[in-house]
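>>> Next comes the sequence, and after it the predicted model I'd like to discuss.
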Amino acid sequence: MTSAAAHPAHGPLDPCPQAIELYERALRQGGIGSQDASAVPCLTESGLFRPPGEAPDHHRPDPAHAVPARLEPVPPALALHRLLRTTTDHVVRERQYGERLAEAFAPLTRIDARRAPAADRNPAVRVVSGTGRINAAITEAMTGAARELLCVQPNLHYSDSRGAAAQVVAMDRDQALLDRGGRIRTLYQHTQRQMPLVLARYEQLRGDAEARSLDEVTDRLIVVDRDVAFIPAGADGRLALEVRHPALVEFLAATFDRLWWQATPMYPQTVHRPSLNGVTPRQRAIAGLLVEGHTDAVIADRLGMNIRTARVHIAKLAATLGSESRAQLGYLIGRSGILDRGA
């Protein structure tokens, strides 16, 4: 038998192999004696056992209390639930602690930044947390901008209050750049060409502002004067990377340029893409994703539309090509040559 002195030190939320072995034996035998348990102190600390007759939902035994002559194993499902709940509570407390630290040190880092060398004040890549701070960082970057602003704006929804609010915040700083003689180039998805939020933006801007659209665009991208760029660092829009490394910024700007020349003008002049043999440009984009094997949900997400609209387009495409099944549709798309003619 392993001695108590040899028992490795560890937290009560991480039962050791000896504890698990005794717990398994107790489950098979209906319990173990206190003498066996004494060599493995974490048995009672981790809540894997209870005294005979104790209610199943009783809290974990206090290790300071005397251990009874015989211990009964807590059902595994209940023991696991207790351990996971304790772990979750610990994680929540740690996150709250981290948030308090970040809030307390935010003004202190600004003081330190004013004393730091210029290279340290403008790191190559900086994480910006929170929508308010992200907007403030973009506004600060644009304050001294004089040449251009490049933007990629993914699909915006009317229910997305953050998107609508961001448009309002951006109007003043965008107009200020135009007033200084700069220019603005923005890429949208085709689904946004007729959105009131987008149209109203360009009706209000005065200056060299252009917009084009693509079936698919990258995630949100902002490049200011080809000196600094902002890209998302999380799916919920609350984290962003401020990029100042010249090579990275140039790469992002070059990516924008390639997409720009493939895009269809939508402002100030509108170009309507022609249909080919009864297949619309939107249906050609869907056809390209269909032959890649994507589901309706993925197609809808990538093209910025709801799944019902995507299915309507798929049905119309199938009717145009004379398809009677999904498998046949892929074959007919390939044979039709519609993907070889460009969008």
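Sure thing, it's come through. Numbers count the residues shown, from 1 in each chain.
>>> Which parts of this protein are helices?
Remark: helices assigned in the chain by DSSP state H are 17-29, 34-38, 42-45, 76-115, 118-121, 131-143, 161-179, 196-204, 246-262, 281-291, 296-302, 307-321, 326-336.
>>> residue ranges with poor pLDDT in the stretch 101-250 of the chain?
Low-confidence segments of the stretch 101-250 of the chain (pLDDT under 70): 102, 105-122, 155-169.
>>> Relative to its centre, which residue of this structure is most distant?
residue 69 (53.5 Å; CA atoms, centre = their mean).
>>> Please work out which of the helices of the chain is packed deepest.
helix 42-45 (a mean of 23; mean count of other CB atoms under 10 Å). For every residue, glycine as well, the C-beta is placed using N, CA and C.
>>> and it, average pLDDT?
For helix 42-45, mean pLDDT is 68.
>>> For the residue with the shortest distance to the centre of the chain, give its distance to residue 310.
Centroid-nearest residue in the chain, with CA atoms, centre = their mean: residue 235, separated by 1.4 Å. The spacing between residue 235 and residue 310, counted by CB to CB, to the nearest Å, is 21 Å.
>>> what's the answer for residue 144, then?
From residue 144 across to residue 310, the span is 43 Å (CB to CB).
>>> what do you get for residue 171?
As judged by CB to CB, residue 171 and residue 310 stand 32 Å apart.
>>> Also residue 97?
Distance from residue 97 to residue 310, by CB to CB: 45 Å.
>>> next one: residue 222
Taking CB to CB, one finds residue 222 at 28 Å from residue 310.
>>> Check residue 215 too.
Between residue 215 and residue 310 the computed distance is 12 Å (CB to CB).
>>> Hmm, residue 281 and residue 271 touching each other?
No. Counting by CB atoms under 8 Å, residue 271 does not reach residue 281; the two are 10.9 Å apart.
>>> Now do the contacts for residue 336.
Going by CB atoms under 8 Å, 6 or more residues apart in numbering, residue 336 touches 277, 279, 321.
>>> Let me see the backbone angles for the closest residue to residue 329 other than its chain neighbours.
Nearest residue to residue 329 in three dimensions, chain neighbours excluded: residue 323, at 3.9 Å (CB to CB, 6 or more residues apart in numbering). Residue 323 adopts backbone torsions of phi -90, psi 140, taken as degrees, to the nearest 10.
>>> Counting neighbours, what do you get for residue 323?
18 (other CB atoms under 10 Å).
>>> Residue 185 now?
Close neighbours of residue 185, defined as other CB under 10 Å, add up to 19.
>>> Please render the contacts of residue 336 as JSON lines that adds pLDDT and distance to residue 245 to the earlier fields.
Supplementary listing: the contacts of residue 336 in JSON lines, determined by pLDDT from 0 to 100; distance: CB to CB, whole Å:
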{"residue": "277", "pLDDT": "72", "distance to residue 245": "47"}
{"residue": "279", "pLDDT": "79", "distance to residue 245": "43"}
{"residue": "321", "pLDDT": "82", "distance to residue 245": "48"}
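>>> Identify, from these, the entry nearest to residue 230.
Within those, the smallest distance to residue 230 is 37.2 Å, found for residue 279 (CB to CB).
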